[in-house]
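*Asks:* The following block contains a protein sequence and its predicted model.
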Amino acid sequence: MQATPVLLPGNMCDARLWTGTVRATFAGAIDADLTQDDSIQAMAERALTVTDGQLLAVGFSMGAIVAVEMAVQAPERIVGLVLSGYNATADLPERAAHRPAQQSEVRAGGLERVLVEELKPNYLAAQNRKDNSLLRLLRDMGMGLGADVFVRQSEALRLRQDRRAAIAALDIPVLYLCGQEDTLCLPAWHQIWASMTPKSQFREILGAGHMLPLEAPKAFAATIEHWLTINEKEFAG
């Protein structure tokens, strides 16, 4: 592959989201920094500067939203998209309404409670909700990024644009991935996005929830490897 893979993590996740199994799928991959900006547009602009030339954007959750924005901003540079745990719409009204309260609590020192009680446990498949090592990693990633990053990313998600028309206009290969038990970005949503996207495939992975790259890294990586192989000619330019 001539294009450089760019890995775009989710909300309050760092580079540990991408396990060695996943990284081995993407030779020469570069990690994007989504911690500095408070809008999806600015995150995409920054991610486009990680290197010159063509890019394969690999995004999880918020990172998938940024990946699509990269394709909107620089369609000539993005050769393909891998979108896991993706929502093409603007922030759902109930989530948008709750974000300012979360932001206030986090500013007042409540980041750990929000991470541990409101967010991360609800993102996992039932069988993984008592996986202490996984829960500890999710907490540690969020706490390591800190309150300021939480607020910036929360605002970026709250104010994001609806990109359904954008995915319908894509003329590049797109792989949609979703855990079977994802209750944050439902498998049915991904089927809709795939039906709207011309050169797309959708794959649902068993035994995983929203945190698919960490819950089922082998299946996640194998699915992507197969997709890369069948689209090799398009990615080579």
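*Replies:* Happy to help now that I have it.
*Asks:* okay, the helix or strand of the chain with the lowest mean pLDDT in CSV with CA atoms only?
*Replies:* Least confident element among the helices and strands of the chain, by mean pLDDT, DSSP states H and E: helix 232-236 (a mean of 75). Taking C-alpha atoms only, helix 232-236 is exported to CSV below (Å, rounded to 0.1, in the frame of the first residue of the first chain):
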residue,chain,number,x,y,z
GLU,A,232,-5.3,-3.5,-2.9
LYS,A,233,-5.4,-2.1,-6.4
GLU,A,234,-7.4,0.9,-5.4
PHE,A,235,-5.1,1.7,-2.6
ALA,A,236,-2.0,1.4,-4.7
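*Asks:* tell me which residues in it are buried?
*Replies:* Using 16 or more other CB atoms under 10 Å as the burial criterion, the residues of helix 232-236 that qualify are residue 235. Backbone N, C-alpha and C define where each C-beta goes, glycine included.
*Asks:* can you offset everything so residue one is 242?
*Replies:* With the count now opening at 242, the last piece we talked about shows up as helix 473-477.
*Asks:* Work out the gap between that helix and the centre of the chain.
*Replies:* 23 Å (CA atoms, centre = their mean, to the nearest Å).
*Asks:* Which other helices and strands does that helix contact?
*Replies:* When contacts are defined as 3 or more CB pairs under 8 Å, 6 or more residues apart in numbering; DSSP states H and E, helix 473-477 packs onto strand 319-325.
*Asks:* outside of the strand it packs on, which residues touch it?
*Replies:* For strand 319-325, contacts defined as CB atoms under 8 Å, 6 or more residues apart in numbering pick out 244, 295-302, 305, 308-309, 311-312, 411, 413-419, 434, 453-454, 461, 465, 468, 472, 475-476, 478.
*Asks:* From those residues, list just the buried residues.
*Replies:* Buried among the contacts of strand 319-325 (16+ other CB under 10 Å): 244, 295-302, 305, 308-309, 311-312, 411, 413-419, 434, 453-454, 461, 465, 468, 472, 476.
*Asks:* quick one: which of those sit in strands?
*Replies:* Assigned to strands by DSSP state E, the following of the buried ones among the contacts of strand 319-325 qualify: 296-301, 415-419.
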